[in-house]
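Novice: Take this sequence and fold it.
(chains A, B and C)
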Amino acid sequence: MTVSDPETTAQAQLADLLPEPEKLGIEVGPDGIVEITADRSRVIEVLRTLRDRPELDCNLLLDICGVDYPDRDKRFEVVYHLTSLGADHRFRVKVPVAEDDPNVPTAYGIWKAADWFEREAWDLFGIRFDGHPNLRRILTHEAFQGHALRKDYDPEQRWILTEAETMVPEWATEIVENGGDFETQILNLGPSHPATHGTIRTVVRLDGEVITRAECEIGYLHRCFEKMSETHGWNEIIPYTDRLNYCSSMINGVGYALGVEQMLDIEAPPRAQAVRLILSEFSRIMDHAVCLGANLVDLGALTNFWYFFQPREEIYSLLESCAGGRLTVSYTRIGGLAHDVPADFEERVRFLLGYIPKFIDDVDKLITGNRIFRDRTEGIGALSAEEAVAWGWTGPCLRACGVPYDLRRVRPYLGYENYEFDVPVATTGDCYARYLVRLEEMRQSLRIIEQAIDRVPDGPVITDNHHVALPPKSKVYSEMEALIWHFKLIYDGIKVPAGACYSATEGANGELGYYLVSDGTGHPYRIKVRPPCFAIFQAYPHMLEGHLLADAIAILGSLNIIAGELDR
Amino acid sequence: MDHYVPILIFTLIAVSVPIIILMIAKVVRFGSYDPVKAEPYECGIEATSFALDTRFSIRYYLIAVLFVVFDVETIFLFPWAVVFDELALFGFIEMMVFLAILLVGYLYAWRRGALEWA
Amino acid sequence: MWVDLIVIGVKLAFGLVVLLTTVPIMVWVERRGSALIQDRLGPNRVGPLGLFQPIVDVVKLLAKEVITPAGVRPLLYILAPAIAVIVALSTFIAIPIGKDSGLELFGHAVNGFIVAPDLNIGLLYVFAIASFGVYPLLLAGWSSDNKYALLGGVRASAQAISYEIAMIIAIVGVLMSSGTLRLQQIVDAQSGVWMGFLPHWNVFSQPIGALIFMVAVFAETNRLPFDLPEADAELVAGYHTEYSSIRFAAFYMSEYLHMTVAASLVTVLFLGGWNLPWIDIPFEGWAGALLSMGVFGIKVATLLWFFVWVRWTLPRFRYDQLMALGWKVMVPLAVLNFLWVGVAMALGYM
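Specialist: Numbering: from 1, shown residues only, chains lettered A, B, ... in the order given. Model (predicted):
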């Protein structure tokens, strides 16, 4: 990743199209993404130009996050990640902010996607976004004191909240106090509700059965994984990533390892890559199976849940045979895999390839043409492609709106470019479209696995770079040098060179991004995860208005909200 | 009245069944009282308002009113149907007239949106 | 007089036992049947094939703590499950479950396998009592002081009364063709052959009526795809959200009782009761009576299995779709059905 790379040079030239580029700091980051450092007075202008200039066309806001550098003059840095769906180039905009005046103008007017990302930055760093319509804490409780991701926040203080006020939206109390709107009713869907699949709360105002207003409260599963990561070695974070999207834990680990490998400028051996790809695709199938199965349960079609969970169990058995764990596999390591796959791996995979399609077809036959199901899902929770992009949607939900954006196709990793597969797209953007896209993606994943299993090369599954991977145990016991490497690696951990990297992979829900910042020590300086369903779910309360109560459940299920990655 | 004796007896039995069942619950009492247990369930959140204080949509009442109208009228069909064979064509036409009047009310309710929900 | 009472007593006991045993059997069928449909094993630990599972279920439900939430209206709250069971039991009294051709018990006429044989308003009685079925749902929903229960309760009542209209109009056709309200005679009117080759069952001569009645029965018993009053995905458990232990069991029990009664009614009204297709058996003597009960039982059992089958196959309606179906489709179709019966009878086809 050098500046001489023609692609990045071209991108850097694009940045010159910005207004008064000489006053902006433009450079190419270590991961090849062009970084634009702007003063906060100019950030809105820069972002708007990035979105609106046709040559730049950065229509998708991926992520907003804060980074804390206590030693710097302007302590905080707000980092925006943007991408262009059409032209496939990415930009990173950095805005330094001082501690005594931590204000940045909001980007909500440009992308609605900024809504929750800015709230998160406020919550965890105390950076204020001027003009944000609802700048409240999002992942921690309103009564929480301090900002957890600041470097000077002491996690040892064990802050325990015993008496907590329940969050009640303003519009809800108005009605209760004034008794004005006679026929409306405030109803809580969650946190402990059969249809929330995790702990999420949605407050709705009902007029009869029609929802007239809604608001979400998340963060019930918040464990500040990003803060925990800052005190762990790079490899030790992998079990944490498993708990992000626990339905497809393999994909999280792979995405994270790819990012760190990019920073280290190493590559996993081909065999590891192939196994990662196969298991990732199996994880995608499981994730979609959970999503569709649970969605159908919410619609009353209970039987399909078991049709989907049967193959899921079998896939778990495959993962167990490889990794030892079922749900949270922790199989990936930086530079490869923890250990080689079992001898009967190919046999097991081929069994699954023959086993899974029957269940997908069964559900397809039972549900796809079902009149009740179609009436319940067609036109429900429909979002146009423009709206979906504005909300920062990615993955199957965005493809259901008609945007064929799939990172496996657009920015291939793990050798996805070598496999033949379709990117299923629907046009209507409603619950039915999301169902169809997911169902077809399961079949496409099987297709990828079918090609990949023929091409799993022999060889090691972890790199022989001894700065990254432990030497084999036999050598440690017999060779002095290997023993030293082993000792050094255990003692110091992996030393990732200082710098930053945004690594994106196609998670089951959409773009799973890791913004990794290293200061050259054995720990990450900052890890920011861009969970795909965070961006998707922030549109949810807005999608509900005008729908019936039962639709709220159908929409929630079709968005596939995984509280583990939503709340982190 | 003899015909209704079995009904009376059966009704007494039917009434006693749930009473016995619920009495068992009185006798076999497990667990303990706790004010938190006695809170109304609202997904783990303290209820923002009491359910009985809130009002629900008028549409539910509307359905009830429509039911009263149509159910009473359909009951008229019962005696007519039983003796339909004897009434022959005249009875049939008469009922058609009655139904036509009913139909007007039905269509009116439909057009005014009484049958709409969303 | 005393013999009269004894005969009535025997019949009452028989009816009650038959009805109450269907509940555990249906619970078992539902659990094993859903497991069969869903590729699972289902309960298989208690007794052979898990047959004693319902008994264990009852013990478990009895052993649960009875929680009465603070805000409930106590009288109505307790009354609701009680009424549910009473209503479900009472409807069964007017339903004949077998053919009686002059049998005697203790030297006294049995007067048919029906608890209340001389009820000349049989069908009317059944529907009058069945209409009470909406009260427990509404009372439970309202008295619980819970928003989900309240919504479930009003939904339940709106749904029940909406489908009742279509159901009653659908029956008018049956009354026209049989000319009586007595259920035994309605069954007798369905013997023989219609149009030369079909059994003279109302399901063949009035298919629309049978379909509407069947759908309405699903709605009245709150079974999927019409289980909106419970709708566990959105309303948690609907009207019985705040009920626990044996009080919940009462609702649970009444659901299966309702199903059994409903299946019996469909059999009597549309499936020819104990009549066998194409075969004319006089059902003489005790053997004949048992045979007729067997035929009736097989039909009811098939219908009950159909209830289970549908429940585990179809998704749930949305509330507005349910009401639209009830008012805008079922009611006009039901009227169409009895117009058809009227015309067919006038032209001598029926």
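Novice: Only C-alpha atoms from now on, for both contacts and neighbour counts.
Specialist: Will do.
Novice: Tell me which residue of the chain is furthest from the middle?
Specialist: Using chain A. No residue in chain A sits farther from the centre than A:S478, which is 43.3 Å out by CA atoms, centre = their mean.
Novice: Correction: the question concerned chain C.
Specialist: Max distance from the centre of chain C (CA atoms, centre = their mean): C:A70, 34.3 Å.
Novice: For it, which non-adjacent residue is spatially closest?
Specialist: Distance criterion CA to CA, 6 or more residues apart in numbering or on different chains; nearest residue to C:A70, sequence neighbours excluded, is B:A38 at 4.9 Å.
Novice: For that neighbour, give me its contacts.
Specialist: C:I67, C:T68, C:P69, C:A70 (CA atoms under 8 Å, 6 or more residues apart in numbering or on different chains).
Novice: Which one of those residues is nearest to chain B?
Specialist: C:P69 (3.9 Å; CA to the nearest CA).
Novice: Check which helix or strand the closest residue to A:V341 other than its chain neighbours maps to.
Specialist: Distance criterion CA to CA, 6+ apart; nearest residue to A:V341, sequence neighbours excluded, is A:C322 at 5.0 Å. Element membership for A:C322, per DSSP states H and E: helix A:303-323.
Novice: what does that helix contact?
Specialist: A:279, A:282, A:286, A:289-290, A:292-294, A:296-297, A:325-327, A:329-331, A:338-342, A:345, A:348-349, A:352, A:355-356, A:359-360, A:362-363, C:34, C:37-40, C:312-313.
Novice: Now, those residues that are in helices?
Specialist: In helices, defined here by DSSP state H, the members of the contacts of helix A:303-323 are A:279, A:282, A:286, A:289-290, A:292-294, A:296-297, A:345, A:348-349, A:352, A:355-356, A:359-360, A:362-363, C:34, C:37.
Novice: which of those count as buried?
Specialist: Buried subset of the ones in helices among the contacts of helix A:303-323 (neighbour count, 16 or more other CA atoms under 10 Å in any protein chain shown): A:279, A:282, A:286, A:289-290, A:292-294, A:296-297, A:345, A:348-349, A:352, A:356, A:359-360, A:363, C:34, C:37.
Novice: among these, which are in reach of chain B?
Specialist: Here nothing survives when those are matched to chain B using CA under 8 Å from any CA of the partner chain.
Novice: Could you pull out the strands in chain C for me?
Specialist: Here chain C has its strands, by DSSP state E, at C:104-105, C:108-109, C:193-194, C:198-199.
Novice: and the stretch 51-200 of chain C, which of its residues are near chain A?
Specialist: Residues of the stretch 51-200 of chain C that fall close to chain A, judged by CA under 8 Å from any CA: C:K147.
Novice: Would you point out which residue of the stretch 51-200 of chain C is nearest chain A?
Specialist: Closest point on the stretch 51-200 of chain C to chain A, by CA to the nearest CA, is C:K147, at 7.2 Å.
Novice: still on that earlier bit, report the inter-axis angle for the helix holding A:C322 versus helix A:345-363.
Specialist: Comparing the axes of helix A:303-323 and helix A:345-363 via axes from the mean of the first three to the mean of the last three CA atoms, to 10 degrees yields an angle of 170 degrees.
Novice: Name every sheet partner of the following helix or strand past helix A:303-323 and say whether each one runs parallel or antiparallel.
Specialist: Downstream of helix A:303-323, the first helix or strand assigned by DSSP H and E is strand A:332-333. As defined by DSSP bridges, the strand partners of strand A:332-333 come to strand A:336-337 (antiparallel).
Novice: for the chain, what are the low-confidence residue spans?
Specialist: Answering for chain A, as no chain was given. In the predicted model, chain A carries pLDDT under 70 at residues A:1-12, A:15-16, A:21-22, A:163-164, A:173-183.
Novice: my bad, chain C
Specialist: If you take pLDDT under 70 as the line, chain C has these spans: C:1, C:101-119, C:231-232, C:350.
Novice: dump the residue contacts of the residue in chain B sticking out farthest from the centre.
Specialist: The centre of chain B is farthest from one residue, B:S32, which by CA atoms, centre = their mean lies 36.2 Å away. Taking CA under 8 Å, 6+ apart as the contact definition, B:S32 lies against C:E65.
Novice: Could you list the contact residues of the stretch 201-350 of chain C toward chain A?
Specialist: Neighbours of chain A within the stretch 201-350 of chain C, by CA under 8 Å from any CA: C:224-225, C:231-234, C:236, C:312-319.
Novice: Narrow the contacts of B:A38 to those that are buried.
Specialist: Buried, going by 16+ other CA under 10 Å: C:I67, C:T68, C:P69, out of the contacts of B:A38.
Novice: Pick out the residue of the stretch 101-250 of chain C closest to chain A.
Specialist: Closest point on the stretch 101-250 of chain C to chain A, by CA to the nearest CA, is C:A233, at 4.9 Å.
Novice: how many other residues sit next to that residue?
Specialist: Look at C:A233: counted by other CA atoms under 10 Å in any protein chain shown, it has 21 neighbours.
Novice: quick one: it from A:T368, how far?
Specialist: Distance of C:A233 to A:T368, computed by CA to CA, to the nearest Å: 20 Å.
Novice: How about A:V410?
Specialist: 29 Å.
Novice: and what of C:G9?
Specialist: 54 Å.
Novice: repeat for C:I129
Specialist: Taken as CA to CA, the span from C:I129 to A:T368 is 40 Å.
Novice: sorry, back to before: most neighbours out of the residues of the stretch 201-350 of chain C next to chain A, which is it?
Specialist: C:P315 (29 neighbours).
Novice: who are the neighbours in contact with it?
Specialist: With CA under 8 Å, 6+ apart, C:P315 has these contacts: A:L296, A:L299, A:G300, A:A301, A:L302, A:I372, A:F373, C:L224, C:P225.
Novice: at 6 Å what do you get?
Specialist: By CA atoms under 6 Å, 6 or more residues apart in numbering or on different chains, C:P315 lies in contact with A:L299, A:G300, A:A301, C:P225.
Novice: For these, work out which two are farthest apart.
Specialist: Farthest apart among those by CA to CA are A:L299 and C:P225. That separation is 9.7 Å.
Novice: joint contacts of these two?
Specialist: The contact sets of A:L299 and C:P225 overlap at C:P315, C:R316 (CA under 6 Å, 6+ apart).
Novice: separation between the one residue in the stretch 201-350 of chain C that gets nearest to chain B and A:A550?
Specialist: Here the residue of the stretch 201-350 of chain C nearest chain B is C:D320; by CA to the nearest CA that distance is 5.2 Å. From C:D320 over to A:A550 the distance is 10 Å, taken as CA to CA.
Novice: Who has more neighbours out of those two?
Specialist: Comparing C:D320 with A:A550 by neighbour count (other CA under 10 Å), the higher total belongs to A:A550, at 24 against 16.
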